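When you get a sec, could you give me coordinates for this:
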Amino acid sequence: MGLFTCSSVFLLFLFGGLVRATGSGMGCPDWPRCFGLWAPPTCECKLPGNYQQIFLEKRLQKVERFAKVLSAFGMEASAARLRTDESIQAPEAFDPVKAWIEYINRLFGVLSGLFAMVYFGMAVLFRKRIGSGKGWGFVALFLLLLNGWLGSLVVATNLLPGVVTLHFLLSFLCLFAYMVSLHKAVPFTFEQDLVLSKKHWFGLWLSVFFIVIIGAWSREQVDGLRLAGKLYVDGDTSGFLGWGMLDVFAMDALFALHRYLPFGLLGWMIWLSRKQSTLGNQLSKSHPFSVIAMISAVQIALGVVHIWFVVPAWAQVAHVVVGSALITYIFAVYLSSRAHQPS
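Sure, this is the predicted structure:
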């Protein structure tokens, strides 16, 4: 059940990436229903004539409640920007494809919630065996429910910058909490010598997690460039290879870090592998150093595709899934090093 739960949460990265890549985040203008129904309609003819105004008013009411919460925490400027954001005040037209993509994403969110509740119940039932894993199961369930609520704010605020990145961050924290809980019951193990200490693996995981999060923020910057009509270098849509190139010069220093840090990770993994070879320790292709290097190389290639081909949809989904796999794999190795290596 723990594996089912972890897998369902991981699949949310896939479907979340698909939602983002296809621009389906507002495919359903309300939450948890979609256009007021438990399943999206197949055509606009099944909606009332003034449906856009109906769901716009509902969204604005939710936005106002959220703005009051921000004001209560002293974030008056953020609340004011939220209330005056013109994109939030624009009604959403029905698109059956986008509605169903967003709806399927939500179904997997519900599935994750059901698995999570069953897993927590089993963790309580077998608490003597799982030990502190029960507490981590509760933390993971709480984060999952909190992220579901945050998902409703993502819809209500029309993909407000910052909220989307936080939604992505909480998804990872939820997955990591489930992995720790599961590790307490059935420890993760790797047959190979992990070479590095648990402190080094933790530092590596933390570094890659940072790369992933600033990548999510960089993706929001791309959305901002698209809205501002500044997506291409010098506004030229027929530049590199005849279809333009992403204007990376208009993005901030965090994006530069996101671009170049993976090269450092790849180089470090290759250096560690060669160092072990000189010491007479021949590492297999399945060793974590080799796996991390391979995934990093794929991510770098996908990043190049993002820039040269201006963030194609298929590359967005692949980039999210591969990046999520990388950070998840490193965390699993870290948990294994905690169980079997001295600090």
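
any idea how far stretch 170-190 is from the chain center?
17 Å (C-alpha atoms, centre = their mean, to the nearest Å).

Quick check: buried residues in it?
170-185, 188 (16 or more other C-beta atoms under 10 Å). Quick note: C-beta positions are derived from backbone N, CA and C, even for glycine.

can you check stretch 52-62 too?
Within stretch 52-62, judged by 16+ other C-beta under 10 Å, the buried ones are 52, 54-56, 59, 62.

do stretch 211-225 as well
211-223, 225.

Alpha carbons of it, as CSV, please.
Only the C-alpha atoms of stretch 211-225 are listed here, as CSV (Å, rounded to 0.1, in the frame of the first residue of the first chain):
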residue,chain,number,x,y,z
ILE,A,211,17.7,22.8,-8.8
VAL,A,212,14.2,21.3,-9.3
ILE,A,213,12.5,24.1,-7.4
ILE,A,214,14.2,26.9,-9.2
GLY,A,215,13.3,25.1,-12.4
ALA,A,216,9.7,25.3,-11.4
TRP,A,217,10.1,29.0,-10.8
SER,A,218,11.9,29.4,-14.1
ARG,A,219,8.9,27.8,-15.8
GLU,A,220,6.7,30.5,-14.3
GLN,A,221,9.0,33.1,-15.8
VAL,A,222,8.5,31.5,-19.2
ASP,A,223,4.7,32.0,-18.7
GLY,A,224,5.4,35.6,-17.9
LEU,A,225,7.4,36.1,-21.0
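
For it, the averaged confidence score.
Over the span of stretch 211-225, the pLDDT mean works out to 86.

Show me what the strand or helix carrying residue 169 is packed against.
Residue 169 belongs to helix 163-185 when elements are defined using DSSP states H and E. Counting contacts by 3 or more C-beta pairs under 8 Å, 6 or more residues apart in numbering; DSSP states H and E, helix 163-185 packs against helix 2-21, helix 96-125, helix 127-130, helix 133-156, helix 198-228, helix 313-340.

Mind doing that once more with 6 Å?
helix 2-21, helix 133-156, helix 198-228 (3 or more C-beta pairs under 6 Å, 6 or more residues apart in numbering; DSSP states H and E).

contacting residues around the second one?
Taking contacts as C-beta atoms under 6 Å, 6 or more residues apart in numbering, the residues outside helix 133-156 that touch it are 31, 59, 62-63, 66, 116, 120, 123, 127, 163-164, 167, 170-171, 173-174, 177-178, 180-181, 184-185.

buried stuff in it?
Buried-residue list, helix 133-156, by 16+ other C-beta under 10 Å: 133-141, 143-144, 147-148, 150-151, 153-156.

got the angle for it vs helix 96-125?
160 degrees (axes from the mean of the first three to the mean of the last three C-alpha atoms, to 10 degrees).

ok, now the longest one?
Taking the same axes, to 10 degrees, one finds helix 198-228 and helix 96-125 inclined to each other by 160 degrees.

Would you mind identifying the next helix or strand past helix 198-228?
helix 253-278.

Now do that next one against helix 313-340, angle only.
Going by the same axes, to 10 degrees, helix 253-278 makes 50 degrees with helix 313-340.

Could you number the chain from 679 rather than 1 from now on?
That works, and once the first residue is 679, the last one we named lands at helix 931-956.

For residue 979, which of the helices and strands packed on helix 841-863 is the nearest?
helix 876-906 (14.7 Å; C-beta to C-beta).

Quick check: residue 769 touching residue 730?
Yes: between residue 769 and residue 730 there is a contact under C-beta atoms under 6 Å: 3.6 Å.

domains of this structure?
Domains of the chain are assigned by automatic domain parsing as 679-864, 868-1021.

Please, which helix or strand holds the closest residue in space to residue 951 that isn't next to it in sequence?
Nearest non-adjacent residue to residue 951, counting by C-beta to C-beta, 6 or more residues apart in numbering: residue 967, 4.8 Å away. Per DSSP H and E: residue 967 is located in helix 966-986.

quick revisit: hmm, the residue nearest to residue 951 is touching residue 947, no?
Yes: with contacts counted by C-beta under 6 Å, residue 967 reaches residue 947, the gap being 4.9 Å.

re earlier: if you average pLDDT over each of the helices and strands packed on helix 841-863, which is lowest?
Among these, helix 811-834 scores lowest, with a mean of 83.

what pLDDT does residue 966 get?
Value for residue 966, per-residue pLDDT: 91.

tell me the contacts of it?
residue 1011.

could you check the angle helix 876-906 makes with the helix holding residue 847?
Using the same axes, to 10 degrees, helix 841-863 lies at 160 degrees relative to helix 876-906.

Next, the angle from helix 841-863 to helix 680-699.
Going by the same axes, to 10 degrees, helix 841-863 makes 170 degrees with helix 680-699.

Can you tell me what sits against helix 841-863?
680, 683-684, 687, 808-811, 814-815, 817-818, 821-822, 825, 828, 831-832, 835, 891, 894-895, 1009, 1013.
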